[in-house]
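Peer 1: Based on what follows, work out the 3D shape:
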Amino acid sequence: MMSEENSDAGGEFEREPVPESAQMGNGKFWGMYAGEHAAGTEFMIGPLFLAAGASLSDLLLGLLLGNLLAVLTWRFLVVPIAMAKRMTLYYQLERIAGGSLVKFYNLVNGLLFCFLAGAMVTVSASAVGVPFDISFDVPESFFGLSNPSFTLLVVIVGAVITAVAAGGYERVARFANIAAPWMIAVFACCGIVSLTQMGATNASALSEGKFWSDAITFVQEKNGPGTFGFWQIVVFAWLCNGAMHFGMADLTIFRFAKSKSAGWAPAIGMFLGHYMAWIAAALLLAALIKLQPALVVGEDGKVTANPGLLAYQAIGWTGIICVVIAGWTTANPTIYRAGLAFQGMFPRSSRTAMTLVAGVVATIAGAFPNLSAQLLDFVGTYGTVLGTMGAVIVVDFYLIQKFGLRAEYAAVTGARINAAVLIAWVLPVAVALYFILAKGFFAAYAVIPCWFICGVLYLLVSKMIQRSPAEETIT
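Peer 2: Below you'll find the predicted structure:
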C-alpha cells in the first residue's frame with residue numbers, strides 16, 4: 001500500500017522501495033534512453049572530436065568500444081543494486097551518508113546540472129540565431145560573453161525553456177519521447193548529406209578518409225595543433241555519463257525495472273546517440289570546412305562549431321528545427337532535475353520556485369559560450385565529481401558487512417554526516433580537480449581512479465569510525 005507521503009508526491013516512492021505493482025516493463029526504459037541520449041549535446045560533442053584532432057578510424061573504433069563499456073557498466077553495476085534496493089539515489093545516499101551531507105551533494109549536483117543545461121541553451125540559441133543572422137562568437141576568455149545580440153538571444157531562449165520546465169516534467173518527457181525518433185532520423189540524414197556534399201559516397205573514399213584529415217588540417221592551422229587519441233575517445237565515451245552509471249544516479253530510473261534485461265536499454269542511447277549522432281554531427285563540420293570554410297572561422301580567426309549553422313548548411317530549416325528541439329529536450333529535463341536537487345536542500349520550498357532558480361543559473365551559464373565549447377572537458381569533470389560518490393553505494397551494498405561493519409550507517413546511528421563518506425568523496429575529488437584545472441589533465445581519465453580510491457577510503461575510514469568507542473555521530 002502506498003504511503004501517504006508518496007501518495008501526495010504522485011507515487012514517486014521517493015523515500016521507500018518501489019512496490020511490485022509500480023514496476024515497469026522494458027519498453028519504458030528503451031524509449032527513455034533513446035530520448036535522453038540523442039539530443040542537444042550530440043550537436044556540440046561530435047564536432048569537438050574533429051576539432052580536437054581525432055582521426056576517423058580512432059573515432060569509429062574508439063566510440064564503439066567506449067559505448068559498449070558504458071552499456072555493460074549500466075547493466076552489471078547499476079541494475080543489480082537498483083533492483084535489490086529499489087530506492088532513489090538520494091534516499092540511498094541519505095541512509096549511508098546522512099541528510100546534511102546529501103544536501104551538500106544536492107547543491108553540487110544541481111549546479112553541475114545547471115551548467116550542462118546552460119550549454120544546451122547555447123546550442124538552441126545558436127540555431128535560433130541563424131535566420132536572424134546573429135553570429136555565435138566564442139570569446140578568448142573562458143568567462144567572456146559573446147556579442148550582445150547573441151547574449152540577448154540566450155536570455156530569451158533560457159527564459160522560454162525555464163518556463164516550460166517549471167510547468168512540470170510529464171509534458172516535457174512526453175514531448176521528448178515523441179521527438180526522439182524524428183531527431184534520430186535527422187541526425188542520420190545530417191551524416192548522409194554531409195558525406196554526399198564531400199563526395200565520400202563509396203567505400204574507397206570512406207576508407208581513405210581524406211575529407212576528414214583535410215578538415216583536421218584546416219582546424220589545426222587556425223586553432224593550433226592537437227591530438228585526441230584512441231584511448232581518450234574510449235574513456236570519454238565510457239565515462240561521459242559516469243555520474244549516471246558509476247555515480248549510480250540511474251538507480252532512480254532502474255528501481256522501477258521488472259527485469260534485469262531492462263539494463264540493456266542504455267544501448268539505444270549509446271549507439272544511436274553517442275555513436276551515430278556524434279559521428280554525424282562531426283561530419284557536419286567536415287562538410288562545411290570543405291564547402292564554405294569561411295563560415296566556420298570566427299572573428300578571432302579560430303574555427304568555431306556553431307551547431308545551428310552546421311545543421312542549416314546541410315539540411316536547411318529541418319536542421320534548425322532539430323537543433324532547437326534537441327537542445328530543448330535536453331535542457332528542460334536537466335533544469336527540472338536541477339530544481340529537484342535544489343528542492344532537496346530546501347524541502348519547504350516549492351518545486352516550481354526551485355526550477356525557476358535552476359533556470360536562471362542555467363541561462364547565466366549559457367551566456368558564456370566557452371562552456372559549450374569546452375564540453376569534452378566539462379562532462380569528464382562532471383563525471384569525476386558526481387561519479388565518485390557511486391563507489392560508496394557499491395561498497396556499502398557488497399562489502400561493508402563482510403568486513404563486520406554496519407551498512408547504511410547514517411540510518412542506523414542517526415548521523416547527519418557520515419565522516420567516512422565525506423572524506424572518501426571529497427579527498428580524491430579535490431586532488432583530481434587540482435590536476436584537471438591546474439595541470440590540464442584529461443578530465444575523463446580521473447573518473448575510474450577517483451572511484452576506486454573513494455571506495456577504499458570509505459571502507460578504511462568506516463572501519464576506524466565504527467570501531468571507535470567515541471561518539472559515532474557528527475551533527
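Peer 1: ok, then the element right after the longest helix seen in the chain?
Peer 2: As assigned by DSSP state H, the longest helix anywhere in the chain is helix 99-129. Sequence-wise, the next helix or strand downstream of helix 99-129 (DSSP states H and E) is helix 148-166.
Peer 1: so what secondary structure elements neighbour that following helix?
Peer 2: helix 99-129, helix 169-197, helix 317-345, helix 351-366 (3 or more Cβ pairs under 8 Å, 6 or more residues apart in numbering; DSSP states H and E). Using the backbone N, CA and C atoms, a C-beta is placed for each residue, glycine as well.
Peer 1: how about those helices, which one is nearest A438?
Peer 2: Ranking these by proximity to A438 (Cβ to Cβ) places helix 99-129 first, at 19.4 Å.
Peer 1: pLDDT on the closest one, on average?
Peer 2: For helix 99-129, mean pLDDT is 89.
Peer 1: For it, buried residues please.
Peer 2: The neighbour-count check on helix 99-129 (16 or more other Cβ atoms under 10 Å) flags 99-103, 105-106, 108-129 as buried.
Peer 1: next one: stretch 247-267
Peer 2: Quick answer for stretch 247-267 (16+ other Cβ under 10 Å): 247-257, 262-267.
Peer 1: how far out from the middle of the chain is that stretch?
Peer 2: 16 Å (Cα atoms, centre = their mean, to the nearest Å).
Peer 1: Dump it to CSV, restricted to CA.
Peer 2: Extracted in CSV, the C-alpha atoms of stretch 247-267 (Å, rounded to 0.1, in the frame of the first residue of the first chain):
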residue,chain,number,x,y,z
GLY,A,247,27.9,7.5,-9.9
MET,A,248,24.7,5.4,-9.5
ALA,A,249,22.3,8.3,-10.5
ASP,A,250,20.3,5.9,-12.6
LEU,A,251,19.4,3.8,-9.5
THR,A,252,16.5,6.2,-9.5
ILE,A,253,15.5,5.0,-13.0
PHE,A,254,16.1,1.3,-12.8
ARG,A,255,14.4,0.9,-9.4
PHE,A,256,11.2,0.6,-11.5
ALA,A,257,12.6,-2.2,-13.6
LYS,A,258,10.7,-5.6,-13.6
SER,A,259,13.6,-7.4,-15.2
LYS,A,260,17.4,-7.1,-15.2
SER,A,261,17.2,-7.1,-19.0
ALA,A,262,15.9,-3.5,-18.8
GLY,A,263,19.6,-2.8,-18.1
TRP,A,264,20.4,-3.2,-21.8
ALA,A,265,18.2,-0.2,-22.6
PRO,A,266,21.1,2.4,-22.5
ALA,A,267,22.4,0.6,-25.6
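Peer 1: Let me know the average pLDDT across it.
Peer 2: The model assigns stretch 247-267 a mean pLDDT of 90.
Peer 1: Buried ones in stretch 204-219, by neighbour count?
Peer 2: Buried residues in stretch 204-219 (16+ other Cβ under 10 Å): G209, F211, W212, A215, I216, F218, V219.
Peer 1: next one: stretch 325-332
Peer 2: For stretch 325-332, the buried set under the neighbour-count rule, 16+ other Cβ under 10 Å, comprises I325, A326, G327, W328, T329, T330, A331, N332.
Peer 1: just those residues now: which is nearest M354?
Peer 2: Looking across the buried residues of stretch 325-332 and measuring by Cβ to Cβ, the closest to M354 is N332, at 14.8 Å.
Peer 1: close enough to count as contact, the closest one and V160?
Peer 2: No - the criterion here is Cβ atoms under 8 Å, and N332 misses it with V160 at 10.0 Å.
Peer 1: So which of the helices and strands packed on helix 148-166 is nearest F13?
Peer 2: Per Cβ to Cβ, nearest to F13 of those: helix 317-345, 14.4 Å.
Peer 1: Would you check how far apart N26 and G269 are?
Peer 2: According to Cβ to Cβ, to the nearest Å, N26 and G269 sit 14 Å apart.
Peer 1: Those two - which one has more neighbours?
Peer 2: Shown here are N26 and G269; by other Cβ atoms under 10 Å, G269 has more neighbours (26 against 16).
Peer 1: what about F132, neighbour count?
Peer 2: Neighbour count for F132, taken as other Cβ under 10 Å: 9.
Peer 1: Distance of it relative to S124?
Peer 2: When Cβ to Cβ is applied, the distance between F132 and S124 equals 13 Å.
Peer 1: Repeat that for V234.
Peer 2: 30 Å.
Peer 1: Grab the nearest non-local neighbour of L60.
Peer 2: I279 (7.2 Å; Cβ to Cβ, 6 or more residues apart in numbering).
Peer 1: residues in contact with the helix or strand hosting that neighbour?
Peer 2: Under the criterion of DSSP H and E, I279 resides in helix 278-291. If you take Cβ atoms under 8 Å, 6 or more residues apart in numbering as the criterion, helix 278-291 is touched by 42-47, 49-51, 59-60, 63, 187-188, 190-191, 193-195, 197-198, 211-212, 214-215, 218-219, 295-296, 303, 305, 307, 309-311, 313-314.
Peer 1: All set now, cheers.
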